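Asker: prediction below, plus the sequence it came from.
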Amino acid sequence: MSAAEAVTEALRELHARFAPLGEGSVAEYIPQLARSDPGAFGLALVSMDGHRYGAGDTTVPFTLQSVSKPFVYALALSLLGLDEVGRWVNAEPSGEAYNAISLEPDTGRPDNAMVNAGAIITTALIPDTSGAPRFERVLDCLSRFAGRELDVDEQVYASEAATGDRNRALAYLIRSTGPLPVDPVAAVDTYFRQCAVRATATDLAAMAATLAHGGVNPLTGEAVVPGPVAAQTLAVMATCGMYDGSGDWLLRVGLPAKSGVSGGLIAVSPARFGLAAYSPRLDPTGTSVRGRAAVGALSEELGLHLMHNPALAGSTVTLIATPDELPTAGAGVPRERVAVVAAQGALDFTAAERVLYALDEARPGGTEPVVLDLTEVTGVDRVAFTMLSGGLGRIAASGARTAVVDRADRLALPGPGEPGGPAVPRGFATRARALAWCTGDGPG
């Protein structure tokens, strides 16, 4: 088993824990959504280095619905700027449901871009020209966030268009107060198509990861929106993304998030990863029951709350040397080849995930002995300890000699003289001793 599968295993455990939840029901006010499989459940994560992990139904396509809102808001901000967008749409929590009539008494502005009224105006703000029609701009933006070309579920679009009278009423009400920049019919039609864009949980994790990465898609390397726009979008998600449950969500889970009535849910751990869930059973606020439970549990277990530890600075992995890059030993006689990975700084979830991925990169055959040098590491938190211990243990269990240079004994590994053979990772005070033990050139 690959060392990097430690992250996948965490998602699998969450999937197994919360899949039995039977509360909630699928959205029925859009007839096509009522046909969703209530048993579907997927969890996906994309890291800042573009590594993808998942468990369950991560490749099942579904429509974005309200999960599209923060990304179109980011598009509007990048095209028009915060001041101009703010002239039309406020950024205050409404404390009301997603389809509430949340308009300022004096200006008629919707409270924020995450409720339907604000999202309709935000979509209407996207420029519409013969060379770049409004919806083509929206679809292109969503696709660039996902890192691949997305499409529209025409059946869901038609179903929404046939039953979306409340959204039309919202648009006409906004227009009656003055601040709707386009015809209400055109505005709502584009909004319906936006909500009917189809993606998977893996796509949503990539979209969330792009916001976490300062607007740069970690899969493609493309700067989709400027860094300040990504930060502004995350701020509105944190305070408004979960509608009338936003305060409780931020208090308990502590991550910017956005839900949708198709069962999609995204959460962003800034500078760490993007997380997505898909499960159509919804609670009364329109949020996926299983998704909410799984994201909340992961945030608690990994210490991801925004008010907890700051993001890591600097590079974690300082050396990745494959066996082919290391010299032979002794009188021209080749010794057993060893891979070496070195790390530095304080290790948390993000750092440990990078180290585990580097261990895989350093062992292209999957069977080579490996040395992990933690000499320059200043600390290992509880999550990183569990991930690294488990990953190193799986490498050792595969039959490869596995050594760690760990003078401070942070991983509490046994020394080379203890029983157990190569199936147990070993701790050493120096890299030379670790290499000697891995090659069989000495006792270490």
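Answerer: Yep, that arrived. Numbers count the residues shown, from 1 in each chain.
Asker: how far off centre is stretch 364-371?
Answerer: Here stretch 364-371 is found 29 Å from its chain centre; the criterion is C-alpha atoms, centre = their mean, to the nearest Å.
Asker: mind listing what's buried along that stretch?
Answerer: By neighbour count on 16 or more other C-beta atoms under 10 Å, the buried set for stretch 364-371 is 368-371. To be clear about C-beta, it is placed using only N, CA and C from the backbone, and glycine gets the same treatment.
Asker: same check, this time on stretch 260-280
Answerer: Quick answer for stretch 260-280 (16+ other C-beta under 10 Å): 260-270, 272-280.
Asker: how about stretch 401-415?
Answerer: For stretch 401-415, by 16+ other C-beta under 10 Å, it's 401-406, 410-411, 413.
Asker: for it, the averaged confidence score.
Answerer: Stretch 401-415 carries an average pLDDT of 89.
Asker: before we move on, what about stretch 15-30?
Answerer: Summarised as a single mean, pLDDT over stretch 15-30 is 93.
Asker: columns secondary structure, distance to Q194 and pLDDT on top of the buried residues of stretch 364-371, output as TSV?
Answerer: Converted to TSV, the buried residues of stretch 364-371 look like this (DSSP: H, G, I helix; E, B strand; the rest coil; distance: C-beta to C-beta, whole Å; pLDDT from 0 to 100):
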residue	secondary structure	distance to Q194	pLDDT
E368	coil	49	89
P369	coil	53	92
V370	strand	48	93
V371	strand	51	94
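Asker: the bottom helix or strand of the chain by mean pLDDT?
Answerer: In the chain, no helix or strand scores lower on mean pLDDT, DSSP states H and E than helix 165-177, which sits at a mean of 82.
Asker: which helix or strand lies directly C-terminal to that one?
Answerer: helix 184-195 (DSSP states H and E).
Asker: name the helices or strands packed onto that following helix?
Answerer: helix 116-125, helix 134-146, helix 154-163, helix 165-177 (3 or more C-beta pairs under 8 Å, 6 or more residues apart in numbering; DSSP states H and E).
Asker: tell me the buried residues in the second one?
Answerer: It stands for helix 134-146. Applying a neighbour-count criterion of 16+ other C-beta under 10 Å, one finds 134-135, 137-139, 141-146 buried in helix 134-146.
Asker: among those residues, which one lies nearest to L45?
Answerer: Lowest distance from L45 to the buried residues of helix 134-146 (C-beta to C-beta) belongs to A146, with 14.8 Å.
Asker: who's in contact with the closest one?
Answerer: Applying C-beta atoms under 8 Å, 6 or more residues apart in numbering, we find A146 in contact with 199, 203-204, 206-207.
Asker: hey, C-alpha coordinates of stretch 156-168 in CSV?
Answerer: Provided in CSV are the C-alpha atoms of stretch 156-168 (Å, rounded to 0.1, in the frame of the first residue of the first chain):
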residue,chain,number,x,y,z
VAL,A,156,-32.0,19.6,-14.8
TYR,A,157,-31.9,23.0,-16.4
ALA,A,158,-35.3,22.5,-18.0
SER,A,159,-36.6,21.2,-14.7
GLU,A,160,-35.4,24.3,-12.9
ALA,A,161,-36.7,26.6,-15.6
ALA,A,162,-40.2,25.0,-15.4
THR,A,163,-40.4,25.3,-11.6
GLY,A,164,-38.4,28.4,-10.7
ASP,A,165,-41.1,30.9,-10.2
ARG,A,166,-39.8,32.0,-6.8
ASN,A,167,-36.5,32.9,-8.3
ARG,A,168,-38.3,34.8,-11.0
